[in-house]
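**Student:** Next comes the sequence, and after it the predicted model I'd like to discuss.
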Amino acid sequence: MMHSTRPGSPQYLRAEGERLLAFARNARLPEWGYGWLDSDGSPMADDTVHTYLTARMTHVFSLAVLLGHEWAAEYADHGIAALTGPLHDDRHGGWYTATDRAGRPLTDEKAAYPHTFVLLAAASATSAGRPGAAELLAQALGVIERRFREPESGLLRERWDRSWSSLDTYRGGNSNMHAVEALLAASDATGDPALADRALEIAAFLVNSVARNTDWRIVEHFDSNWSPALRYNEQHPADPFRPFGSTVGHGIEWSRLLLHMRAARPDADWLLPAARQLFARAQRDGWNADGHEGFLYTVDWEGRPVVTERLHWVLAEALGATAAMHQVTGNEAYRLRYDEWWHWAEDHFIDRGAGSWHHELDATGHPASTVKKGKADVYHAFQATLLPRLPLTASLASAIRSSRAVAALQPPS
């Protein structure tokens, strides 16, 4: 029997989840919404309120409500108030990408990426029974359907101006990946299987068509006709949202999402083989690929390392994906990787002094900030503590709510 403190054990995961939630509470801004946390766990002093971060924290605290944390209800509601208040554009509809703390928008854009997280937050909050969440969910679904979803492809457009009058020609894989996550959660929250069908439509194109033809490397960037733009941002390879090449962590994240999709749509027989291929490709490309331990950030289209910084979210996704793959396949190799990578997380990423996880390391394992500064939020790391303890369903919220997961997930008394 595993020792209770062994990295990755159920007791360890529960304790780590509690530690991350305690750190996350620091992100609450007194005015409204949630801030980007610095390395010590204080909101950055730049006065910015990011919609996607506020939505991700609302999602996390909604999951905490479902876990039985009574205190988390107030935090989930604080996020809903921000998403229905200052972060929402009451004149034109939809959500600003970011505002200052006075509620003034900082960009003249409406982007798919933050909108997908508003949808995820609303779905998880609805599953948690939070007041106003169902209305927020209906509103988010409406905006995504009217403004972002292309009827002919089923994929999401990337970016409009504030008034929805000018559309950018760029199309992005990242926002569509998170749309899959959010649509599955919304399908669970509403009981509408058509939303899961829309998620499957996105995955079928980006994975079963595109990634299958690029040796299972995820394509991030496209033109307006959805033709891959393989050299996009070649001069700015370390961009935190639009890096050049293929992002290793997204191959891993997609592999897990396909397994959630399979729980909702078991008739789609391509999902499990594709998940295996994506995971295997990302592991070969990313783990120790430059002669140093850890998952690097990006590779080119031949699999050569490009940005070698180690980002915490990549390892967090790998931990969740190995647990999911082992649960579905029973293959012992996934469990061995799971054990190895949790030990690596404990030894390198988890910050026992200042809290949370270091969000970035350089190739030699030292804290860095080349791609991102601080410890923005706990979304990826917290989910990594949940997935190994949950049945594999379409969404984390529905998994927590399932009766056989409750006992192991209860917070400490």
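**Tutor:** Good, I have the coordinates.

**Student:** sec struct for the closest residue to W270 other than its chain neighbours, please.
**Tutor:** In space, and not counting its chain neighbours, W270 is closest to N208: 5.5 Å by C-beta to C-beta, 6 or more residues apart in numbering. All C-beta spots, glycine's among them, are computed from the backbone N, C-alpha and C. What DSSP: H, G, I helix; E, B strand; the rest coil gives for N208 is helix.

**Student:** Okay, helices next: where are they in the stretch 51-200 of the chain?
**Tutor:** Ranges of helices within the stretch 51-200 of the chain are 51-66, 72-84, 112-127, 133-143, 173-190, 193-203, based on DSSP state H, counting those that start in this stretch.

**Student:** Kindly export the longest one (C-alpha atoms) in CSV.
**Tutor:** Below are the C-alpha coordinates for helix 173-190, written out as CSV (Å, rounded to 0.1, in the frame of the first residue of the first chain):
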residue,chain,number,x,y,z
GLY,A,173,-6.6,26.1,-32.3
ASN,A,174,-6.2,27.0,-28.6
SER,A,175,-9.6,28.7,-28.2
ASN,A,176,-11.3,25.9,-30.1
MET,A,177,-9.6,23.3,-27.8
HIS,A,178,-11.0,25.1,-24.7
ALA,A,179,-14.4,25.4,-26.5
VAL,A,180,-14.4,21.6,-26.5
GLU,A,181,-13.8,21.6,-22.7
ALA,A,182,-16.5,24.2,-22.1
LEU,A,183,-19.1,22.7,-24.4
LEU,A,184,-18.8,19.3,-22.7
ALA,A,185,-19.3,21.0,-19.3
ALA,A,186,-22.2,22.9,-20.7
SER,A,187,-23.8,19.8,-22.1
ASP,A,188,-23.5,18.2,-18.7
ALA,A,189,-24.9,21.2,-16.9
THR,A,190,-27.9,21.6,-19.2
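
**Student:** Measure how that helix sits relative to helix 193-203, angle-wise.
**Tutor:** Angle of helix 173-190 versus helix 193-203, following axes from the mean of the first three to the mean of the last three C-alpha atoms, to 10 degrees, is 160 degrees.

**Student:** hang on, the earlier thing: counting neighbours, what do you get for the residue nearest to W270?
**Tutor:** 17 (other C-beta atoms under 10 Å).

**Student:** What distance do you get for it to T116?
**Tutor:** Taking C-beta to C-beta, to the nearest Å as the measure, N208 falls 20 Å from T116.

**Student:** Was I right to think A324 contacts L258?
**Tutor:** No. Between A324 and L258 there is no contact, the gap being 9.4 Å when judged by C-beta atoms under 8 Å.

**Student:** For R262, which non-adjacent residue is spatially closest?
**Tutor:** Nearest residue to R262, sequence neighbours excluded (C-beta to C-beta, 6+ apart): L271, at 4.3 Å.

**Student:** do P43 as well
**Tutor:** G35 (3.0 Å).

**Student:** Packing partners of the helix or strand harbouring E18?
**Tutor:** Per DSSP states H and E: E18 is located in helix 10-24. Packing partners of helix 10-24 (3 or more C-beta pairs under 8 Å, 6 or more residues apart in numbering; DSSP states H and E): helix 51-66, helix 379-386, helix 403-409.

**Student:** Comparing those, which comes out most buried?
**Tutor:** Ranked by mean neighbour count under mean count of other C-beta atoms under 10 Å, these are led by helix 51-66, which reaches a mean of 29.

**Student:** Could you tell me how far that helix lies from the centre of the chain?
**Tutor:** 11 Å (C-alpha atoms, centre = their mean, to the nearest Å).

**Student:** export stretch 202-217 as CSV, just CAs?
**Tutor:** Extracted C-alpha coordinates of stretch 202-217, given in CSV (Å, rounded to 0.1, in the frame of the first residue of the first chain):
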residue,chain,number,x,y,z
ILE,A,202,-14.4,20.8,-33.4
ALA,A,203,-12.3,17.8,-32.3
ALA,A,204,-13.0,15.9,-35.5
PHE,A,205,-11.5,18.7,-37.6
LEU,A,206,-8.5,19.8,-35.4
VAL,A,207,-7.5,16.3,-34.3
ASN,A,208,-8.9,13.6,-36.6
SER,A,209,-8.3,15.6,-39.8
VAL,A,210,-5.5,18.1,-39.1
ALA,A,211,-3.3,16.6,-36.4
ARG,A,212,-3.5,13.2,-38.0
ASN,A,213,-1.9,14.7,-41.1
THR,A,214,0.9,16.5,-39.1
ASP,A,215,2.3,13.3,-37.5
TRP,A,216,-0.1,14.0,-34.5
ARG,A,217,1.4,17.4,-33.7
